[in-house]
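K.L.:
Any chance you can model this:
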Amino acid sequence: MTGRLTSRSPFETAIRAAKTTLRNVKGFSVNYVTPDETIAVRARQGATAFRMDTEERFNVVSRNPDFKIAVAELVTSLGAYFEPQAGHHIEIDNGDTVEVFEVVPINGEPEARFTGTDQSEFRVHTTHVETRAAT
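P.N.:
Below is the predicted model of the structure:
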């Protein structure tokens, strides 16, 4: 028999419950924007550190903002699940301003990856592209 088993271990169930609780407590509402629609989702903001060496042998560390979003939240109005893609945007409405982050692959990594073995949450790599007045 091949493929992923549909039953979860008690550990996997506990991890998934902990992620949901963390997202509900520490998460906040953002708009995930695709070319076709805008979807309100809950996310946690973080950062991914990338380390690289220059030709002059300097060690440079950069931190890029990322968002953790439940796979189950990325659903179109037609009910189809989708994965984050380069060019999509995540918008944070701060009341009088909106911060816009573009989904991008960074430093050889894809634009999104799963955060754990249960594959219930994406870590979406972004870069801040704009802060604009809210409408």
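K.L.:
Show me what the longest strand seen in the chain is packed up against.
P.N.:
What stands out as the longest strand in the chain, according to DSSP state E, is strand 38-53. Contacts defined by 3 or more C-beta pairs under 8 Å, 6 or more residues apart in numbering; DSSP states H and E place strand 38-53 against helix 10-26, strand 28-33, strand 59-70, strand 121-133. Yep, even glycine has a C-beta here, placed from its N, CA and C like the rest.
K.L.:
Could you list which residues are in contact with the closest residue to residue 69 other than its chain neighbours?
P.N.:
Distances taken as C-beta to C-beta, 6 or more residues apart in numbering put residue 43 closest to residue 69, at 4.8 Å, once the chain neighbours are dropped. Applying C-beta atoms under 8 Å, 6 or more residues apart in numbering, we find residue 43 in contact with 23, 27, 28, 30, 67, 68, 69, 90.
K.L.:
Beta-bridge partners for residue 43, please?
P.N.:
Beta-bridge pairing for residue 43 (DSSP bridges): residue 28, residue 69.
K.L.:
what about it, distance to residue 91?
P.N.:
11 Å (C-beta to C-beta, to the nearest Å).
K.L.:
cool, residue 17 as well?
P.N.:
Residue 17 sits 28 Å away from residue 91, taking C-beta to C-beta as the criterion.
K.L.:
Pick out whichever of the two has more residues nearby.
P.N.:
With neighbours defined as other C-beta atoms under 10 Å, residue 17 and residue 91 compare such that residue 91 has more, 16 against 10.
K.L.:
For stretch 96-108, which residues meet the burial criterion?
P.N.:
Judged by neighbour count using 16 or more other C-beta atoms under 10 Å, the buried positions of stretch 96-108 are 98, 99, 100, 101, 102, 103, 104.
K.L.:
among those residues, which are in strands?
P.N.:
Those of the buried residues of stretch 96-108 lying in strands (DSSP E): 98, 99, 100, 101, 102, 103.
K.L.:
Closest to residue 134 out of those?
P.N.:
Nearest to residue 134, judged by C-beta to C-beta, of these is residue 98 at 5.2 Å.
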